[in-house]
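[1] no FASTA, just this:
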């Protein structure tokens, strides 16, 4: 008999029927559990009193359409979350490696929808650190043939990450080639999740794509115009209309005065960092001092926290581990596993530096989502993958 260690209450569900007036609405009192969808009576059916339709409690979750036993499926997700390789998971859980790949695919698709719903708006985010993390698909770039280079699906694969430094919340993750467009898309996503607020302190390395991304997403076009002039004539007074003057693209950009962007360039000699150069790119020095003074994380310009989460991600994602015989052969599954591990990190992973000391001397563990006031408890992997989302 299947064991069900985690069963959601009826208030966590909603009607998936798009024609139903109560579609997507929770706690409306229109739902109830009615029967089961499997012979073992482990998967409950959710019935909507409004539209008279019913659906499985697994609809909209990472377990939708999965015939594998519940405990085995959850074990696959937990092993995947802890950085175990695909073939090793198959041996440990006693399932085929292709089954692991299918579950990983579902988990990644579900994680994207979860992140868009749970981190749609992050009101506490005010210090954003950005960085890129390298991996490869199939083979490294210098091993590619000319034909493989033209296809573009193999070789280097970069994760562009934007993290709230104070809460350690991963706001955005854009996988792909290391291009300016990826940085532009990253900052666009950050802007949407912070509701276009401009009082934000950005830091990154000196990759030029971030500077372009900030200009494109936060900059406003500034037009210089000639003043109106009176031209005296023997017959009439003619008022010249304002004429736009063509200027360089950089002169057209005007950024909000409260926005600050700074970069860090590290010079290495062997494995040691011998020099760090900090540069203020956008914003006033007074605003930079204000942001650093109010920050709960940073006392100087740095990218330490996003670099730390990149290291954590490598330890939790076998496909990105360095100096090990782990890598992805297809970029689709590579990206989806990255989404699952990266976005579930916000709710399921406790960060040691976020813990709070209690009166009795013990510590209360916190996740990034708890620090960002987006959750009130630590989520289990089972809770994450069984939460229904709109399709």
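    Yep, it's here. Computed from a predicted structure; not experimentally measured.
[2] so how far is residue 257 from the residue nearest to residue 113 when sequence neighbours are not counted?
    Closest residue to residue 113 apart from its sequence neighbours, by CB to CB, 6 or more residues apart in numbering: residue 389 at 4.2 Å. For glycine as for every other residue, the C-beta is placed from the backbone atoms N, C-alpha and C. In this structure, residue 389 and residue 257 are 39 Å apart, going by CB to CB, to the nearest Å.
[3] compare these two (neighbour count), which wins?
    Neighbours were tallied for residue 389 and for residue 257 using other CB atoms under 10 Å; the higher tally belongs to residue 389 (20 against 12).
[4] does that one touch residue 110 like I think?
    Yes: in this structure, residue 389 is within contact of residue 110 by CB atoms under 8 Å, at 6.8 Å.
[5] which neighbours do those two have in common?
    residue 61 (CB atoms under 8 Å, 6 or more residues apart in numbering).
[6] tell me the SS of residue 346?
    Classification of residue 346 using DSSP: H, G, I helix; E, B strand; the rest coil returns helix.
[7] ok now do it, which residues does it touch?
    Residues in contact with residue 346 (CB under 8 Å, 6+ apart) are 115, 118, 119, 169, 170, 367, 368, 369, 372, 374.
[8] now do 6 Å
    By CB atoms under 6 Å, 6 or more residues apart in numbering, the contact set of residue 346 is 169, 170, 368, 369.
[9] the last one: how many residues sit nearby?
    Here the neighbour count serves as a burial measure; for residue 369 (other CB under 10 Å) it reads 25.
[10] now it: how far from residue 324?
    Counting by CB to CB, the gap from residue 369 to residue 324 is 30 Å.
[11] surely residue 104 is within a strand?
    No: counting by three-state DSSP, residue 104 falls outside a strand, being helix.
[12] so it sits against residue 338, correct?
    No: between residue 104 and residue 338 there is no contact under CB atoms under 6 Å: 10.4 Å.
[13] where's residue 380 relative to residue 347, distance?
    For residue 380, the distance to residue 347 equals 9 Å [CB to CB].
[14] with neighbour numbers in mind, choose between these two.
    The neighbour comparison of residue 380 against residue 347 (other CB under 10 Å) goes to residue 347, with 25 against 15.
[15] can you name the residues bridging to the most centrally placed residue in the chain?
    Closest to where the C-alpha atoms of the chain average out (CA atoms, centre = their mean) is residue 172, at 2.9 Å. Judged by DSSP bridges, the bridge partners of residue 172 are residue 162.
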